[in-house]
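Peer 1: Take a look and give me a structure for this.
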Amino acid sequence: TDFLLDIPNRRGFERELTRSIAYLKRYRTSAALLVVDVDRLKPINDRLGHAAGDHVLKAIVVSLQAHIRQSDMLGRLGGDEFGILLWNLGEGDARAKALALERAVEAGRCEYRGRRIKLAVSIGVTRLDVDDEAAAVLERADRVMYARKQSRRSTRKPPVRR
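Peer 2: Next up is the predicted model:
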């Protein structure tokens, strides 16, 4: 368990991802992996300090948890990156869910010491396949997330407002 956010850490998440792939092989159900990266966390840490960054991470986790099912799983992969396992969704529905999660996070309010901080995440989506291995599927979702992040980068506003 991640000590700051009280969600599974990378090791716990990867263990569940491996079990999920085994479940897919046996029962031929569907699932998707989302990799979530917090946008512009470094400028927040640089301008307001790491306590502000921790506050942002907590706000994002609350928002993500509020918008996924209890049967889905959210874990911290490291730093400002999270993984979400979504059950019984095809790839199209998983992409739609990722967009909805991006919007939900952006709609959230976060204030730290009287300053409003704009929250934003970029999410990569990939469908789990019965032949996947945890490391490969994480890498695949990570590549999609970075492409998404790059496409969103040009439209971003500063994360800290006075």
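
Peer 1: what stretches of the protein score poorly on pLDDT?
Peer 2: Low-confidence segments of the chain, defined by pLDDT under 70, span residues 154-162.

Peer 1: Which helix in it has the most residues?
Peer 2: Criterion DSSP state H: the longest helix present in the chain is helix 134-153.

Peer 1: mind listing what's buried in it?
Peer 2: For helix 134-153, the buried set under the neighbour-count rule, 16 or more other C-beta atoms under 10 Å, comprises Ala134, Val137, Leu138, Arg140, Ala141, Asp142, Val144, Met145, Arg148, Lys149. C-beta: built from backbone N, CA, C; applies to glycine.

Peer 1: And for stretch 81-100?
Peer 2: Going by neighbour count (16+ other C-beta under 10 Å), the buried part of stretch 81-100 is Glu81, Phe82, Gly83, Ile84, Leu85, Leu86, Trp87, Leu89, Ala94, Arg95, Lys97, Ala98.

Peer 1: ok, now how distant is the second one from Thr29?
Peer 2: In this structure, Phe82 and Thr29 are 23 Å apart, going by C-beta to C-beta, to the nearest Å.

Peer 1: just checking, what packs against the longest helix of the chain?
Peer 2: If contacts are counted by 3 or more C-beta pairs under 8 Å, 6 or more residues apart in numbering; DSSP states H and E, helix 134-153 sits against helix 10-27, strand 31-38, strand 121-127.
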